[in-house]
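# Attaching a predicted model along with its sequence, questions to come.
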Amino acid sequence: MTTAELFAAEDFNEPPVEPLAPGAVLLRGFVRAQASELLAAVEAIVAEVPWRRLVTPGGQRMSVAMTHCGTLGWFSDRRGYRYVAADPHTGRTWPPMPAAFMSLAGAAAAEAGFAAYVPDACLLNRYEPGTRLSLHQDRDERDLGAPIVSVSLGLPAVFLWGTPQRRSDTPRRIRLVHGDVVVWGGPSRLAFHGVAPLAQGVHELTGACRINLTFRRAG
Ligand code: SIN
Ligand code: FE2
């Protein structure tokens, strides 16, 4: 199968659906069988838009490197956090969302109870050992009725899963490994979440990094 083709719903690993909170589930190993094709699609995106460490509105450079595909890309610089249709550095539109990404996001969302999910943005994050993502809410999307679908590839990570109410609520620590998918929407859509500093390691497909894809309905 090439990455241009759609995955069929029955291709995905039928996992036990592990509830995390109302509207949030963990699908262990959901895309393990598709990982090589997904990583090939990631490489094609990176060839067009290289990994970059963006600057926060406060002027700090993020430790996690990012790239983007879809009609909208989440972006950050001194002007703020926002979705943009074109790369502010080059003026070019983002690479289109690969069909394989669309089908996996739709299948994972359906598994979590969100039918007819059509994301328009995918943020790709690359974590090297020692990098982390502090607790935050994904709240720059116009459509908060649609869930977030998050795919883990490469090195394992500790996902920090908080509550929608308060950043200060102690998050659960959930180990995510290659092929795992987390979906959060509905009452959990604004849950605080983050990633603990990545441990050292080498993964056979990604080397010394973890790659995360998050799908969003942004526009
Ligand atoms: C994110 O919150 O954008 C990424 C979460 C992750 O890397 O698991
Ligand atoms: Fe996030």
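Looks like it arrived, so ask away. Ligands and ions are numbered 1, 2, ... in the order given.

# Only C-alpha atoms from now on, for both contacts and neighbour counts.
Will do.

# which stretches of this structure form helices?
35-48, 99-111 (DSSP state H).

# would you list those in TSV and tack on mean pLDDT and distance to ligand 1?
Formatted as TSV, the helices of the chain follow (pLDDT from 0 to 100; distance: least, C-alpha to the nearest ligand atom, whole Å):
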stretch	mean pLDDT	distance to ligand 1
helix 35-48	97	15
helix 99-111	96	15
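
# pLDDT at the residue of the chain found nearest ligand 1, what is it?
Using C-alpha to the nearest ligand atom, the single residue of the chain nearest to ligand 1 is residue 212, 4.9 Å away. For residue 212, the pLDDT comes out at 98.

# what's the answer for the one 5 residues further on, then?
The per-residue pLDDT reported for residue 217 equals 97.

# ditto for residue 14
With respect to pLDDT, residue 14 scores 69.

# Test my guess that residue 213 contacts residue 121.
No - between residue 213 and residue 121 there is no contact under C-alpha atoms under 8 Å: 10.1 Å.

# Settle it for me: which of these two has more neighbours?
Remark: of residue 213 and residue 121, residue 121 carries more neighbours, 27 against 23, as counted by other C-alpha atoms under 10 Å.

# give me every residue that touches that one.
Counting by C-alpha atoms under 8 Å, 6 or more residues apart in numbering, residue 121 touches 68-74, 97, 215-218.

# so who does the residue nearest to it when sequence neighbours are not counted touch?
Excluding its sequence neighbours, the residue lying closest to residue 121 (C-alpha to C-alpha, 6 or more residues apart in numbering) is residue 70, at 4.6 Å. Residues near residue 70 by C-alpha under 8 Å, 6+ apart: 94-97, 120-122.

# Now restrict those residues to buried residues only.
Taking 16 or more other C-alpha atoms under 10 Å as the criterion, what is buried in the contacts of residue 70 is 94-95, 97, 120-122.
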